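Enquirer: Structure for the following, please:
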Amino acid sequence: MDTQQQKVISTNKKAYHDYHIIEKIEAGIELTGTEVKSLRTGHAHLKDSYARIKDGEIYLIKTHIPPYKFSGSHDNHEPERERRLLLHKKEILKLKKSVDTKGVTLIPLQLYFTNRGKIKVELGVAKGKRQYDKRIAIAEKDQRREMERTRKDRY
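Expert: Numbering: from 1, shown residues only. Have a look, this model is predicted:
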């Protein structure tokens, strides 16, 4: 995906720390009017959210989109309601097949606007990391950072 053509609303940084991302897929999301307005102000949290397949449809669960502050309290949305994701049937079946594999789950990685103004979710087919995997990833990140630092000092 081309980040120059999209405006990122929210990124799930914890997903890359806690999971190995096997595959990425783009999905539309079914929202109410106040949710869209709230997202336009740039507020959303994907930290503990995940996607689940129910009755042949995929739902985004525990994604926090705060209420739109300029609307009345009676016509605002519930912040953590289940939101349906819009995918083709073939894509859903393919995802269901991979989720049925032990230890694999669907995690939202990004929530963003496309250049046409549509709101999309980047889903990751992910497998959980073990504690030692996380330590190795942190050590590699530190090594890269140290190499960059010495390279800058040298030149």
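
Enquirer: Now do the SS call for K24.
Expert: strand (DSSP: H, G, I helix; E, B strand; the rest coil).

Enquirer: So for the residue lying closest to E30 once chain neighbours are set aside, what's the pLDDT?
Expert: Of all residues not flanking E30 in the chain, R84 sits nearest, at 4.3 Å (CB to CB, 6 or more residues apart in numbering). Every C-beta, even on glycine, is put in place using the N, C-alpha and C of the backbone. At R84, the pLDDT value in this model is 90.

Enquirer: three-state assignment of F70?
Expert: coil.

Enquirer: what's around it, how many residues?
Expert: 10 (other CB atoms under 10 Å).

Enquirer: And the biggest helix by length in the chain, how far out from the chain middle?
Expert: Criterion DSSP state H: the longest helix present in the chain is helix 131-154. Chain-centre distance of helix 131-154: 25 Å, with CA atoms, centre = their mean, to the nearest Å.

Enquirer: I'd like to know the average pLDDT value across that helix.
Expert: Mean predicted confidence for helix 131-154 is 83.

Enquirer: The helix or strand where the residue nearest to E30 lies - contacts with which helices or strands?
Expert: Assessed by DSSP states H and E, R84 sits inside strand 83-86. Packing partners of strand 83-86 (3 or more CB pairs under 8 Å, 6 or more residues apart in numbering; DSSP states H and E): strand 19-29, strand 57-61.

Enquirer: Which helix or strand lies directly C-terminal to the longest one?
Expert: In this case it means strand 19-29. Following strand 19-29 in sequence, per DSSP H and E, is helix 33-40.

Enquirer: and that following helix, what's its mean pLDDT?
Expert: Per-residue scores along helix 33-40 average to 84.

Enquirer: Which positions within that helix qualify as buried?
Expert: 34-39 (16 or more other CB atoms under 10 Å).

Enquirer: Would you mind giving those residues as a markdown table with distance to Y112 added?
Expert: Listed next are the buried residues of helix 33-40 as a markdown table, based on distance: CB to CB, whole Å:
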| residue | distance to Y112 |
| --- | --- |
| T34 | 19 |
| E35 | 15 |
| V36 | 13 |
| K37 | 16 |
| S38 | 15 |
| L39 | 10 |
